[in-house]
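> What would the 3D arrangement of this be:
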Amino acid sequence: MSRAKTNNMIKRIVDAAMTVLLLCLMAYQVTGEMAHEWIGMGMTVLVIVHQLLNRKWYGALFKGKYNPYRAVTTILNILLLISFVLTAFSGMAMSGHAVPFLYGMALVSFARQTHLSMSHWAFVLMGLHLGMHIPVMTAGLKPKGRTKAILSCIFTCIGGIGLGMFLRNGIPNYLFFRVPFAFLDYEKSGWLVFLENLLMLSFWAFIGTQAALICRNAVIKAETKRNPLLSVIAAMASVIIGIALTLIFPAAYGQASFGNTDWSVPQAESEQNDVSAETEATAKPDSSATVTDSVSVDDGFMPITGGSFQMGSPNRNGSTGILVESFKKGAEEVGHSVEVINVCHANIHPCIGCVKCGYEGPCVQKDDVELIRKKLLASDMVVFATPLYYYGMTAQLKTVVDRFCAYNSSLSSRHLRSALLTVAWNSDDWTFDALEAHYKTLVRYIDFQDCGMVLGYGCGTPGMTKRSKFPQEAYQLGRSL
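So this is what the prediction gives:
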């Protein structure tokens, strides 16, 4: 085998390996954070190898004439390289496993949004890149007549399904920085995640193939030219199918708003998976749960020395819970008794404003608030723990606070000590301004004695939180009581 053939075979193997790793990287909810980072490092190595194998291409950039095909592939390759570089850089800036010593080399909130956008641009551009080379790789295959028409229809439909998945999963929002974090379905089967990614990649490969056919058609002899409208029609048909599927089957996950910095995922089973701690608004309170189930989860309210820890995160194993456990450990080490009350999974209804309680009970609504009231009034301190939802506490925790109405006087007369533990994806200095103002106003109104706040900037996942200074701050706050 000649050296040229050997080099071409190596290039094909590297390209195939890069495609496989790309599909794995886009399946974060299947691989988990640690595997995601190491696969990313492998991808980075393959990108470097790919550049070395194609180093002659760089030397020929300013030589020769540029026909439409060469111009498009050149622009595409440069954009793909830029997206790969930015994806690798931003990923390393958030790394907690592969290269943890590089963590924080860029502002985490900036790195996160850059990584989210650039990784999806790399996905799109990789599909187009593959598609531009498919006509060359399949030049020896020349189906004719009915077979060719059937294959064209099949690939058009596959591409359309891929576009439908692309739109349904909200990928355009990631591309254009419209959301600061990814909406991932952790309950979806792993094989289905990979299939969806393959279909989405197939759409862009299909578009790239049609673009390549149009570009190559412009420079071939007249007698062998094909009607360029055929490629345009195929691409348009695929797009129409994708849009139609999106309209028929709406997105499973609502698209996020700019303000939401901390949503909860429906499933967060372990730190090894290290899923985004509060990144998806799908968790629902369990109406069958009761507040007597006092477990150390990041969902509720904390009494100290007969005290309560109010934790407002629906996610049981997220970033809020890490601060809670750290605070609890510190408080218990100096002799306090700490109890966590799970308010997010309790049976609690919103205040209806009837004021039949006369601000001193009993409330007309019969739910778990009565148990919470007894625990709070028997406490010396209450700690509010919540992730940041739209720059405030969670709705579940706010519902409990609103129900203070029924025992407002008794609660005020206790002069309880209080504290606030909170986390958010954002690292901007104004991130907690609204929540901090709300908490301070609440403390002032109910005559609590504020003992401090731990404001967890840039704590988007359990891994990010554990690597931050905030668990230690929560621990020290607990020990200081």
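> for the most centrally placed residue in the chain, helix, strand, or coil?
With distances taken as C-alpha atoms, centre = their mean, residue 182 lies nearest the centre of the chain, 2.8 Å away. Here residue 182 is recorded as coil under DSSP: H, G, I helix; E, B strand; the rest coil.
> List the buried residues for the longest helix along the chain?
In the chain, taking DSSP state H as the definition, the longest helix is helix 108-137. By neighbour count on 16 or more other C-beta atoms under 10 Å, the buried set for helix 108-137 is 108-109, 111-135. C-beta: built from backbone N, CA, C; applies to glycine.
> Determine the set of other helices and strands touching that helix.
Packing partners of helix 108-137 (3 or more C-beta pairs under 8 Å, 6 or more residues apart in numbering; DSSP states H and E): helix 3-25, helix 68-92, helix 171-175, helix 190-217.
> so how far is that helix off the chain centroid?
Centroid displacement of helix 108-137 relative to its chain, using C-alpha atoms, centre = their mean, to the nearest Å, is 17 Å.
> go on, stretch 370-385?
Worked out by C-alpha atoms, centre = their mean, stretch 370-385 lies 34 Å from the chain centre.
> ok so, going back, need the pLDDT of the residue nearest to the centre of the chain.
For residue 182, the pLDDT comes out at 76.
> I figured it was touching residue 27, is that so?
No - using C-beta atoms under 8 Å as the test, residue 182 is too far from residue 27 to be in contact (11.7 Å).
> what ranges of the chain fall below the confidence cut-off?
Across the chain, the ranges flagged by pLDDT under 70 are 1, 221-226, 251-317.
> Residue 429: what secondary structure?
Secondary structure state of residue 429, per three-state DSSP, is coil.
> Report how many residues lie close to it.
For residue 429, the neighbour count with other C-beta atoms under 10 Å is 8.
> Going forward, count from 21.
Sure, I'll start numbering at 21, so the last one becomes residue 449.
> Relative to residue 477, how far out is it?
8 Å (C-beta to C-beta, to the nearest Å).
> about what we covered before: what sits closest to the residue nearest to the centre of the chain if chain neighbours are left out?
The shortest distance from residue 202 to any non-neighbouring residue, by C-beta to C-beta, 6 or more residues apart in numbering, is to residue 136 (6.0 Å).
> The one you found contacts residue 194, correct?
Yes - judged on C-beta under 8 Å, residue 136 makes contact with residue 194 at a distance of 5.2 Å.
> shared neighbours, the two?
Residues touching both residue 136 and residue 194 (C-beta atoms under 8 Å, 6 or more residues apart in numbering) are residue 202.
> count of residues packed around the nearest residue to residue 374 once chain neighbours are set aside?
Spatial nearest neighbour of residue 374, excluding adjacent residues (C-beta to C-beta, 6+ apart): residue 384 at 6.3 Å. When neighbours are defined as other C-beta under 10 Å, residue 384 has 11 of them.
> State the phi and psi torsions of residue 384.
The phi/psi pair for residue 384 (degrees, to the nearest 10) reads phi -70, psi -20.
> Equivalent analysis for residue 418, please.
Backbone torsions of residue 418, given as degrees, to the nearest 10, read phi -60, psi -30.
> quick one on the thing from earlier: out of the helices and strands packed on helix 128-157, which is the most enclosed?
helix 210-237 (a mean of 20; mean count of other C-beta atoms under 10 Å).
> residues of whatever helix or strand comes next after that one that come out buried?
Heading C-terminal from helix 210-237, the first helix or strand you meet, by DSSP states H and E, is helix 248-268. By neighbour count on 16+ other C-beta under 10 Å, the buried set for helix 248-268 is 251, 254, 255, 257, 258, 259, 261, 262, 265, 266.
> would you put the C-alpha positions of stretch 429-443 in CSV?
Provided in CSV are the C-alpha atoms of stretch 429-443 (Å, rounded to 0.1, in the frame of the first residue of the first chain):
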residue,chain,number,x,y,z
SER,A,429,-47.4,37.0,65.7
SER,A,430,-46.1,33.8,67.4
LEU,A,431,-43.3,33.6,65.0
SER,A,432,-42.3,37.2,65.4
SER,A,433,-42.3,36.9,69.2
ARG,A,434,-39.8,34.1,69.1
HIS,A,435,-37.0,36.4,67.7
LEU,A,436,-35.5,33.4,65.9
ARG,A,437,-32.0,33.6,64.5
SER,A,438,-31.9,33.0,60.8
ALA,A,439,-29.5,32.4,57.8
LEU,A,440,-29.7,32.0,54.1
LEU,A,441,-28.0,29.4,51.9
THR,A,442,-28.4,29.7,48.2
VAL,A,443,-26.7,28.7,44.9
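> Just the buried residues of that stretch, please?
Buried, per 16+ other C-beta under 10 Å, within stretch 429-443: 431, 434, 436, 437, 438, 439, 440, 441, 442, 443.
> Please list the members of those that lie in helices.
431, 434.
> and which of the buried residues of stretch 429-443 is nearest residue 347?
Nearest to residue 347 among the buried residues of stretch 429-443, counting by C-beta to C-beta, is residue 441 at 6.1 Å.
> what's across from that closest one in the sheet?
Residue 441 has the following beta-bridge partners by DSSP bridges: residue 405, residue 474.
> Quick check: it touching residue 341?
No - look at residue 441 against residue 341 with C-beta under 8 Å: they stay out of range, at 9.9 Å.
> re earlier: with residue 49 as the reference, measure out to the residue nearest to residue 374.
43 Å.
> swap in residue 82?
44 Å.
> Mind checking which of these two has more residues around it?
residue 49 (20 against 6).
> give me phi/psi at the closest residue to the more buried one other than its chain neighbours?
Spatial nearest neighbour of residue 49, chain neighbours left out: residue 204 (4.3 Å); criterion: C-beta to C-beta, 6+ apart. The phi/psi pair for residue 204 (degrees, to the nearest 10) reads phi -120, psi 140.
> From residue 478, how far off is residue 204?
With C-beta to C-beta as the criterion, residue 204 and residue 478 are 19 Å apart.
> same deal with residue 200?
12 Å.
> overlap in contacts of the two?
Common contacts of residue 200 and residue 478 (C-beta under 8 Å, 6+ apart): 129, 445, 446.
> residues in contact with the first one?
Okay, so that is residue 129. Each residue near residue 129 by C-beta under 8 Å, 6+ apart is listed here: 200, 445, 446, 447, 448, 478.
> Selecting buried members of the residues you listed in ChimeraX, what would you type?
Burial among these is assessed by 16+ other C-beta under 10 Å; the matching ChimeraX selection reads:
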select :200,445,446,447,478
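> Make JSON lines out of the contacts of residue 129 and add distance to residue 223.
Converted to JSON lines, these look like this (distance: C-beta to C-beta, whole Å):
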{"residue": "200", "distance to residue 223": "26"}
{"residue": "445", "distance to residue 223": "30"}
{"residue": "446", "distance to residue 223": "33"}
{"residue": "447", "distance to residue 223": "35"}
{"residue": "448", "distance to residue 223": "36"}
{"residue": "478", "distance to residue 223": "35"}
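> Just give the number of residues close to residue 399.
23.
> Check the secondary structure at it for me.
Going by three-state DSSP: residue 399 is coil.
> Check the gap between residue 467 and residue 425 for me.
15 Å.
> nope, residue 100 is what I was after
With C-beta to C-beta as the criterion, residue 100 and residue 425 are 58 Å apart.
> Kindly report the same for residue 390.
14 Å.
> Could you do residue 431 as well?
In terms of C-beta to C-beta, residue 431 sits 10 Å off from residue 425.
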